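Novice: Below are the sequence and a predicted model; questions follow.
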Amino acid sequence: MRKRKILALSITIVAVALILETCILQFVNDKNAQTTSNVLLDRVIAVIDKNESSESEFVKSLKDDYIVRAKAISYIVDAKPEVEYDVDELQKIAGLMSVDEIHFIDDTGTIYSGSLPKYFGYSFDSGEQMAFFKQMLNNYDLTLCQDVTPNTAEAKEMMYAITWNESKTHMVQVGITPKRLLKELKRNQISNVVADMPVYKGMEIYVVDAKTKKILGATDASWVGNTARFNHKGYRFVKRKHGDYIVAVCMLESMNAQTNIVAICIVGIYLTLASCLLVLMLSRVLKEKYEKEKYIYTSNMDELTKCLNRRAYEVDIQKLDLNKEWAYIAFDLNGLKQANDTFGHSAGDELICAAANCMKFAFASYGKIYRIGGDEFVVLIHESVSNIDPILQVFNSSIQDWHGKYSNSMSVSYGVVKSSEQDFDSIHSVFKLADERMYKNKYEYYNMSGNDRRSYNA
């Protein structure tokens with residue numbers, strides 16, 4: 001009898017231990033599955049957000065660039081009105097400005113000239129794509145750039161930017177096939193993003209349209225296009241709604257059935273310690289990197305204008321090569337001392353910052369901008385050097401249009417020298433010639449304005 005009781009007690013203890021072990025394993029597995037699912041969800045959402053953010057930033061930068069090109073073409077044609085109806089010349093300008101199409105549109109919204117005669121006669125009433133620009137007719141100061149849209153004539157994927165010319169007599173529109181953008185959009189599609197996500201065996205990730213419940217992307221490509229179901233037998237689901245999507249992780253309930261509790265504990269402890277160590281090391285590395293980047297930024301950046309400072313200028317001019325094409329532009333503000341003496345240094349700072357902002361607007365896409373003294377600036381142009389005149393026209397226009405709190409206008413003298421315009425014996429000869437041209441420009445300004453430069457020491 002006693003032996004039977006001991007045997008029964010032993011079996012009971014073993015059974016309880018087995019049940020307890022099973023419960024512990026189930027709890028640990030469930031906990032790990034939940035944690036793993038949340039990590040995967042966070043990772044997918046982070047990748048989606050990053051791709052959407054980078055895509056949005058890229059589209060914005062393209063739009064800004066295309067508007068600048070439209071304005072540049074407008075200045076070119078205003079300067080040479082004879083090319084307005086010359087298709088061959090307009091096609092050459094299109095090639096020079098790296099655009100596919102140039103259109104001239106009158107104040108009724110009708111294309112009357114351009115680089116492609118087949119589009120003559122189309123108007124803002126010709127279709128939904130062109131109707132987007134109707135708002136231009138009511139606002140002569142407006143500039144627009146359209147998202148990638150099939151054009152009215154051929155349903156070809158294009159981006160169009162438009163601006164009024166300087167005299168507001170007609171609009172200039174450029175059309176560009178954004179090949180890089182289209183490739184980027186395709187690469188960032190949900191199906192491609194999710195397909196590249198790493199997962200453990202027995203787990204799947206998919207992203208669902210929150211409205212239609214259609215699967216847009218999945219680690220198992222055969223799921224794409226199907227209607228999402230969250231009740232497959234034998235699977236555990238963890239899902240989260242994020243914007244227009246539902247991100248879900250599903251896993252086989254039996255995927256951890258053979259996991260050893262001891263191994264889980266050892267690995268868990270090891271990963272915890274390793275993670276703590278890695279976080280500690282990573283935090284130190286990131287802190288050092290942050291401090292280094294902060295030092296480099298502050299040491300090379302002018303605090304007032306956020307342009308590069310003289311230190312950065314001295315470093316960069318050492319890298320210039322007379323055998324390569326570049327342009328050096330020396331700038332100096334006119335009337336700064338007069339503004340300081342009349343309104344105070346706040347007025348002078350306003351003029352300096354305004355000049356810097358106009359330079360950034362005109363030249364930032366083509367080179368670097370340095371503040372090397374109080375009101376002295378230098379711009380080094382490395383891109384579109386041969387096409388520098390329209391870029392300078394953009395700068396001149398922004399200077400002329402400026403009005404500030406203390407001053408109603410601003411004047412900047414500058415001298416431009418291209419490295420290829422003559423055989424220079426040294427780089428400093430380029431700088432010297434640019435300064436001479438700038439001071440000649442400044443002399444002409446004071447001579448025409450009637451101001452005594454010696455009085456203002458500008």
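Specialist: Okay, I see it.

Novice: what about the residue nearest the centre of the chain, which SS state?
Specialist: The C-alpha lying nearest the average C-alpha coordinate of the chain belongs to Glu57 (C-alpha atoms, centre = their mean; 3.6 Å). Assigned with DSSP: H, G, I helix; E, B strand; the rest coil, Glu57 falls in the helix class.

Novice: who touches the residue nearest to Arg310 when sequence neighbours are not counted in this structure?
Specialist: If the residues on either side of it in the chain are set aside, Arg310 comes closest to Ile372, at 4.6 Å by C-beta to C-beta, 6 or more residues apart in numbering. From N, CA and C alone the C-beta is placed, and that goes for glycine too. Counting by C-beta atoms under 8 Å, 6 or more residues apart in numbering, Ile372 makes contact with 309-310, 313, 378.

Novice: Give me the subset of those lying in strands.
Specialist: Using DSSP state E, Val378 are the members of those that sit in strands.

Novice: Just the buried residues of the contacts of Ile372.
Specialist: With neighbours counted using 16 or more other C-beta atoms under 10 Å, the contacts of Ile372 contain these buried positions: 309, 313, 378.

Novice: quick one, what contacts the residue nearest to the centre of the chain?
Specialist: Residues touching Glu57, when contacts are defined by C-beta under 8 Å, 6+ apart, are absent altogether.

Novice: Run through the strands of the chain in chain order.
Specialist: 101-105, 111-114, 143-145, 149-150, 157-164, 171-176, 203-209, 215-218, 235-242, 245-252, 327-333, 367-371, 376-381, 412-418.

Novice: what's the most buried one of those strands?
Specialist: Burial among the strands of the chain, expressed as mean neighbours by mean count of other C-beta atoms under 10 Å, is greatest for strand 171-176, which shows a mean of 26.

Novice: any idea how far that one is from the chain center?
Specialist: Centre-to-centre, strand 171-176 and its host chain are 22 Å apart (C-alpha atoms, centre = their mean, to the nearest Å).

Novice: Which elements pack onto it?
Specialist: In terms of contacts (3 or more C-beta pairs under 8 Å, 6 or more residues apart in numbering; DSSP states H and E), strand 171-176 is packed against helix 2-79, strand 101-105, strand 157-164.

Novice: If we use 10 Å, what do you get?
Specialist: Judged by 3 or more C-beta pairs under 10 Å, 6 or more residues apart in numbering; DSSP states H and E, the packing partners of strand 171-176 are helix 2-79, helix 87-96, strand 101-105, strand 111-114, strand 143-145, strand 157-164.

Novice: Can you pick out the most distant pair from the contacts of Ile372?
Specialist: With distance counted by C-beta to C-beta, no two of the contacts of Ile372 lie farther apart than Asn309 and Val378, which are 11.0 Å apart.

Novice: shared neighbours, those two?
Specialist: Counting by C-beta atoms under 10 Å, 6 or more residues apart in numbering, the contacts common to Asn309 and Val378 are 370-372.

Novice: Not counting sequence-adjacent ones, nearest residue to Ser167?
Specialist: Excluding the flanking residues, the one nearest Ser167 by C-beta to C-beta, 6+ apart is Asp78, at 7.0 Å.

Novice: ok, the residue nearest to the centre of the chain to Lys63 distance?
Specialist: 11 Å (C-beta to C-beta, to the nearest Å).

Novice: From Leu351, how far out is Val412?
Specialist: Separation of Val412 from Leu351 (C-beta to C-beta): 9 Å.

Novice: where do the contact lists of the two overlap?
Specialist: 333-335, 375, 402.

Novice: export those residues to a markdown table and tack on distance to Asp435?
Specialist: Shown next, in a markdown table, are the shared contacts of Val412 and Leu351 (distance: C-beta to C-beta, whole Å):
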| residue | distance to Asp435 |
| --- | --- |
| Leu333 | 15 |
| Asn334 | 15 |
| Gly335 | 19 |
| Asp375 | 14 |
| Trp402 | 24 |
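
Novice: Pull the most distant pair out of these.
Specialist: With distance counted by C-beta to C-beta, no two of the shared contacts of Val412 and Leu351 lie farther apart than Asp375 and Trp402, which are 15.1 Å apart.

Novice: the more surrounded of the two?
Specialist: When Asp375 and Trp402 are compared for neighbours, Asp375 comes out ahead with 20 against 17, by other C-beta atoms under 10 Å.

Novice: Isn't that one up against Gly348?
Specialist: Yes - at 7.8 Å, Asp375 and Gly348 qualify as touching, with contact defined as C-beta atoms under 10 Å.

Novice: Common neighbours of the two, please.
Specialist: By the contact definition C-beta under 10 Å, 6+ apart, Asp375 and Gly348 are jointly contacted by 333, 335-337, 339-340.

Novice: quick one: which of those residues is most hemmed in?
Specialist: The most crowded member of the shared contacts of Asp375 and Gly348, judged by other C-beta under 10 Å, is Ala339 (26 neighbours).

Novice: ok, that residue - contacts?
Specialist: Taking C-beta under 10 Å, 6+ apart as the criterion, Ala339 is in contact with 333, 345-352, 375, 404, 406-407, 410, 456, 458.
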